[in-house]
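Peer 1: Need coordinates for the below:
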Amino acid sequence: MKTSIRLLDDSHDKTEFDCGNEMLNNYLRRQASQDVKRDLSVCYILADENDKAIGYYTLSSNSIGREEFPDEMVKKLPKSYADLPTILIGRLAIDKSKKGKGLGEYLLMEALNQCAELSERVGTLAVMVDPIDESAESFYKRYDFIKLPDSNKMFIPIKTIKASKP
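Peer 2: Numbering: from 1, shown residues only. From the prediction side, this is the model:
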C-alpha cells in the first residue's frame, strides 16, 4: 500500500474515515478544514494512493502554565516565564481498517519530527498531548510521554525528541 502524508486539502476523501471514535471522525470530516482556514491548527493527512484519508494528526501552538510542569523540568528556567511554550498534537487517529500496522507510531514519529524541526525556528519546551482515553494514554507512554501531575495531559520534552533522532 502506497501512502503519503500531506497537509489537508480538498483532494482528500475524508467521508469514510472511521477510527472508532465519533468525536475524532467528526473532527476530520466537519471541523478540520475550518480550523486550518482560521489558522487554529494544521492538519496532516495520511492518505492512500487514491487520496483516501486513513489517518491524521493536528498541530497547533500552545502554552502551559509553569506550575503544571514537574519542578525538575522548570527549576532552571527564568521565573519570569509564567506560561511555557509548547506544541500541541491535538488529535491523532488511524482508520480502524488500518490499525495494527504501525501507522499510529508512524504518524506520531512524523508529528514529533515536525515539532523538532519547528523548535529550531520557534522556542518550544515540549510537545503536549491530551489523551482521549486510557488506550491513548498507554500509547503515548510507550513513547516516553510523561503525565502532568494534576491533569490528564502528557508531554515529552523537545530535548528528548532531539536526543532520540539519529
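
Peer 1: Alpha carbons of the lowest-mean-pLDDT helix or strand in the chain, in PDB - could you do that?
Peer 2: Counting by mean pLDDT, DSSP states H and E, the chain has its least confident helix or strand at helix 71-74, which shows a mean of 84. Coordinates of each C-alpha in helix 71-74 appear next as PDB, following Å, rounded to 0.1, in the frame of the first residue of the first chain:
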ATOM      1  CA  ASP A  71       9.600  21.100  39.300                       C
ATOM      2  CA  GLU A  72      12.700  19.300  38.000                       C
ATOM      3  CA  MET A  73      11.800  20.400  34.500                       C
ATOM      4  CA  VAL A  74      11.300  24.100  35.200                       C
END
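
Peer 1: Flag the shaky bits of this structure, pLDDT-wise.
Peer 2: 166 (pLDDT under 70).

Peer 1: And the strands in it?
Peer 2: In the chain, the strands defined using DSSP state E lie at 3-7, 42-48, 53-65, 83-94, 126-129, 146-147, 154-157.

Peer 1: in the protein, which residue is closest to the centre?
Peer 2: residue 89 (2.3 Å; C-alpha atoms, centre = their mean).

Peer 1: Pull out the buried positions in the lengthiest helix in the chain.
Peer 2: For the chain, the helix with the greatest residue count under DSSP state H is helix 103-118. Neighbour counts over helix 103-118 (16 or more other C-beta atoms under 10 Å) mark 103, 104, 107, 108, 110, 111, 112, 114, 115, 116, 118 as buried. Every residue, glycine included, has its C-beta placed from N, CA and C.

Peer 1: Show me what that helix is packed against.
Peer 2: strand 3-7, strand 42-48, strand 53-65, strand 83-94, strand 126-129, helix 158-164 (3 or more C-beta pairs under 8 Å, 6 or more residues apart in numbering; DSSP states H and E).

Peer 1: What about the nearest residue to residue 29 once chain neighbours are set aside? Give its phi and psi, please.
Peer 2: Leaving aside its sequence neighbours, residue 29 sits nearest to residue 14 (C-beta to C-beta, 6 or more residues apart in numbering; 5.1 Å). Note on residue 14: its backbone torsions stand at phi -110, psi 0 [degrees, to the nearest 10].

Peer 1: coming back round to it: residue contacts, the residue nearest to the centre of the chain?
Peer 2: Contacts for residue 89 (C-beta atoms under 8 Å, 6 or more residues apart in numbering) come out as 57, 58, 59, 108, 111, 115, 127, 128, 129.
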